[in-house]
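Novice: Structural data only, the sequence is not supplied:
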C-alpha cells in the first residue's frame, strides 16, 4: 500500500471510531439535561438518581469523544496537507468557529457541571448541562457545514494563480442546502443512538427487576426517543436522498448499484451478484422505491452509473469517476436496516411495557439489550456510505482524494501512525466498554444528604 | 493594522493562553509522583485541575483551527512536516485526558498506578515537545520552493530546539508547583511551595539562556524588550515563591510564560515558518495567509465571541477558587464491590 491508501485507511478508522462517541455525547447530554430538569421541577429523587446514573455513563463516553477529537483536527494538516492548502480559505473557518463557539462551551460548562454539584445553585447547575448540550449541537453544525461543503461546494471560486479554492460567501457555506438537511439527519440519528443506549441498559436492569423506579421510566423514555428520533431520521433521510440525487447523482446510482438508467427504478433489499458486482444472480426488489427515494415520484428516472461516468468523462476529463460499488451498495442498506431494526425493537418494547406491564419473552429482552449497538453500526455505515460514495473526490467535482494527501509524509510514517493509533484506540475501546459495563451494572446510586461542614468531601472528585 | 498581522497576533495570543493555562496543568501532571505521596494526595492534586483542564486544552484546538483558517499554508506545512512529533503529542494528550477521567473509576491499586503513569508521561512529553516545536519554528526548518518540509525527524532535534524543550518543561513545572501551592492547603501546600522555590534558579538559568540565545539570533528591539520583561517576571515569580506569596508567584510565572511566548512571536514576524535552505522559501504572514474576505469574517467572529469565552472561562476559575485539602477527597468512589489489586 502506498502513502495515499494508508492515509485513507487511517482517516476511515479514526473517524469512524470518533463517531462512535460523538452521537452518544450529543444525544445523552440532552437526555441527561432533560432528566435533571425533571428533578429540579418535581423534586422526585428517582429523577436525580437517573441523572447521576446516566450522567456518569455519559461522562465515561464523553472523555473518549474529546481525546479522539483532537486527532480529527490535527489530521487534516498532518495527512492531507495539499487538501488543507487547497481548501483552507474555506474549510478552516468552520473548524475554527467550531472551536471558539462550541468546544469552549462544551468543555467549560461540562467541567462546571461535573464538579459543580455542591458549588452552584440548583438552577444554575442545571443551566451548565444545557449549555454543554447546546455546545455539542453547535459543534455538529459547524463540522457538518465543513463536510457538506466537500459534498456540495458553494460560495467559492477557484483562484488559478494561487491554485486554491477561495471563499466568496460564508453565508452560502453556512446555509448550504446540504448542511441544512445533513444537520437534522445527523442530530436525529444521535438521539436515536442515545435512546437505544438508555433503552438497552434499562432493559438489562428491568429483566433482573433491579431499581424499577429508576429503570422503568428510563426504558420508556429511551424507547420513545428511539421511535420519535427514528421517524426524524427517516424523514430527513428522504429529503437528503433527493438533494443527493441532484447534487451527486453518482452516489445515488452507486447506492443501488444501478449501472443503467432506469425509469421507474426499483430498490433491491439485497442482491447476490457476481464478484465484480456487475451482474446480478438473485435479488429481492421493491418496485419503484428507488425512483421515489431519488425523485419523489414513483416513475421518476434514475440515472445509472454508466451514463453518469460518460458525462463526467466529458466534464472532468478521462478518469474513473465510479466509487467502490459493493461498499456503497451494502453500507447504504446496512445504515437503513440497522436504524429500522432499532426502531422496531423500541416499538415492541413500548408495546410490551404499556400500562405497567413487563415483557415476558426473553428474546425480546435480549433484543432490547442488543439495540445499543444497532444505531452505532447504522451511523458508521452512513458515514462510510457518504464518504466512499463521494470518491474519487474530496471536494466533489473540484479536488480529488489522490491530490489531497501530504506529499512530505512517507508511507512508513503513515504506517507508523496508523498502527500506533489503531492499537491505542483498540486498547482504549476495551477499557471504555469495561467501564461502561461496570457502571451500567452497578445501577443508580443512592442519594446522600448534603451537609454544611466546610471540610465535607467534594460531591464529585476524580 | 493589516488583517494578516491581526491574525498573527491572535494566534500568538491563543498559544500564549494555551501555555499559560495548560502550562500549569501539565506541571501538576509532571509533579504527580513528586508531590503526591499516596493515592489520596495524588487525587487531591488531580482535582485542583479537574474542572478546568479540558477547557484549557481547547486553547490548543482553537489555535490549531485558527491557523488552518487564517494561514492554511502554515498549518499544512507545519503539521505535515512535524508529523511524528505531533503523533507523539497526540498519543500523550489522548492518554492523559482519558487518565484524568478514568483513573478514579476503579478502586484498584494497579489500575490507578497505570493511569498515574499516563498522566505523568502525558504531561511531561507535550511539555517538552511544544518547546522543541516552537524552537524549530523560530529557528526555521528546511523548506523547499513549494514550502514542503524536506528535513527528517532528527532535523528537529537540534540543540537550540532541545533547549526550547527544556525551557517549556522547566517553566510549566515551576508554574504547576506555584499553582499547587496556591490551590491546596496544609502539608501539600507547604511542600509545593518549597518545591517551587527550589525549582526557581535552574528554571531561570534555562529559560534565560533560551531567551538570550533567541534574542541574540534575531536582533529585534521589541524581541529584546519582551524577552527582558519575561525574564524579569520570572525572577519576580521565583522571589515571590521564596517569600511564599503564592498569588503573586502564580501571576508572575503566568506573566513570564505569556511574555516569553509573545517575545518568540515578535521575533518570528513576519515569517511564520522560516526556511533554512533559502529565505525565498520561507512561509510568511503574506504568502501563507487566507484571503482578506476570510480573515475579515474570522475577525468578526473572534471579536464577537472571544470576550464571551474569556468571561465564562474566567468565571469557572472563580467558582472553583477555594483551596482543596486531602480531607475533601471522598474516600472511595466506586459503587460496586471492590476488586483486589
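Specialist: Alright, I've got the coordinates. Given the structure is predicted, the values throughout are model-derived calculations rather than measurements.
Novice: quick one: secondary structure of residue B:244?
Specialist: Following DSSP: H, G, I helix; E, B strand; the rest coil, the label given to residue B:244 is coil.
Novice: That one - how many residues pack around it?
Specialist: Using other C-beta atoms under 10 Å in any protein chain shown, residue B:244 has 15 neighbouring residues. Just so you know, the C-beta spots here come from the backbone N, C-alpha and C atoms, and that holds for glycine as well.
Novice: thought it was touching residue B:193?
Specialist: Yes. The pair residue B:244 / residue B:193 is scored as a contact, 5.4 Å apart, by C-beta atoms under 8 Å.
Novice: Give the residues shared as contacts by the two.
Specialist: residue B:181 (C-beta atoms under 8 Å, 6 or more residues apart in numbering or on different chains).
Novice: check contacts around residue A:156.
Specialist: Contact partners of residue A:156, counting by C-beta under 8 Å, 6+ apart, are A:89, A:90, A:149, A:165, A:166, A:167, A:168, A:173.
Novice: residues in contact with the second one?
Specialist: So that's residue A:90. Contacts of residue A:90 (C-beta under 8 Å, 6+ apart): A:149, A:153, A:155, A:156, A:165, A:166, A:167, A:173, B:294.
Novice: Taking chain A, what residue is nearest to chain B?
Specialist: Of all residues in chain A, residue A:88 sits closest to chain B, at 2.2 Å by C-beta to the nearest C-beta.
Novice: Skipping adjacent residues, who's closest to the residue of the stretch 201-341 of chain B found nearest chain A in space?
Specialist: In the stretch 201-341 of chain B, no residue comes nearer to chain A than residue B:330, which is 4.0 Å away by C-beta to the nearest C-beta. Distance criterion C-beta to C-beta, 6 or more residues apart in numbering or on different chains; nearest residue to residue B:330, sequence neighbours excluded, is residue A:457 at 4.0 Å.
Novice: For the residue of the stretch 51-200 of chain B found nearest chain A, which non-adjacent residue is closest in space?
Specialist: Nearest residue of the stretch 51-200 of chain B to chain A (C-beta to the nearest C-beta) works out as residue B:72 at 2.2 Å. Distance criterion C-beta to C-beta, 6+ apart; nearest residue to residue B:72, sequence neighbours excluded, is residue A:88 at 2.2 Å.
Novice: in what helix or strand does the one you found lie?
Specialist: Following DSSP states H and E, the helix or strand that holds residue A:88 is helix A:81-97.
Novice: give me the low-pLDDT residue ranges for the stretch 301-450 of chain A?
Specialist: For the stretch 301-450 of chain A, applying pLDDT under 70 flags the ranges A:449-450.
Novice: what does it have sitting close to chain B?
Specialist: Contact residues (C-beta under 8 Å from any C-beta of the partner chain) of the stretch 301-450 of chain A with chain B: A:406-409, A:413, A:416-417, A:420-421, A:424, A:428, A:431, A:435, A:438-439, A:441-443, A:445.
Novice: let's see it at 10 Å
Specialist: A:405-410, A:413-414, A:416-417, A:420-421, A:424-425, A:427-428, A:431-432, A:434-435, A:438-439, A:441-446 (C-beta under 10 Å from any C-beta of the partner chain).
Novice: which residues touch residue B:202?
Specialist: B:166, B:170, B:173, B:174 (C-beta atoms under 10 Å, 6 or more residues apart in numbering or on different chains).
Novice: Just among these, which is most surrounded?
Specialist: When neighbours are taken as other C-beta under 10 Å, the top entry among those is residue B:174 (32 neighbours).
Novice: Residue B:200 is in contact with that residue, correct?
Specialist: Yes. Residue B:174 lies in contact with residue B:200 (C-beta atoms under 10 Å); the separation is 6.9 Å.
Novice: any residues in contact with both of the two?
Specialist: In contact with both residue B:174 and residue B:200: B:234, B:237, B:238, B:241, B:249, B:253, using C-beta under 10 Å, 6+ apart.
Novice: Per-residue pLDDT of the residue of the stretch 51-200 of chain B closest to chain A, please?
Specialist: pLDDT for residue B:72: 96.
Novice: Contacts only, for residue A:393.
Specialist: Counted by C-beta under 10 Å, 6+ apart, residue A:393 has contacts A:150-151, A:153, A:248, A:250, A:316, A:321, A:323, A:399-404.
Novice: Which one (most neighbours) among those residues?
Specialist: Highest neighbour count within the contacts of residue A:393, by other C-beta under 10 Å: residue A:250, with 26 neighbours.
Novice: What number of neighbouring residues does the closest residue to that one other than its chain neighbours come out with?
Specialist: The shortest distance from residue A:250 to any non-neighbouring residue, by C-beta to C-beta, 6+ apart, is to residue A:308 (4.8 Å). Residues contacting residue A:308 under the criterion other C-beta under 10 Å number 22.
Novice: after the strand or helix carrying residue A:308 comes which helix or strand?
Specialist: If you go by DSSP H and E, residue A:308 is part of helix A:305-316. The first helix or strand that comes after helix A:305-316 along the chain, using DSSP H and E, is helix A:325-352.
Novice: The following helix or strand past that following helix: which residues count as buried?
Specialist: Next helix or strand after helix A:325-352 toward the C-terminus (DSSP H and E): helix A:362-370. The neighbour-count check on helix A:362-370 (16 or more other C-beta atoms under 10 Å in any protein chain shown) flags A:364, A:365, A:367, A:368, A:369 as buried.
Novice: Contact partners for the fourth one?
Specialist: What that stands for is residue A:368. For residue A:368, the contact set (C-beta under 10 Å, 6+ apart) comprises A:196, A:199-204, A:206-207, A:219, A:222-223, A:345-346, A:348-349, A:352-353, A:359.
Novice: Next one: it from residue A:54, what distance?
Specialist: Note on residue A:368: its distance to residue A:54, by C-beta to C-beta, to the nearest Å, is 17 Å.
Novice: Same question for residue A:287.
Specialist: Distance check for residue A:287 against residue A:54: by C-beta to C-beta, it reads 44 Å.
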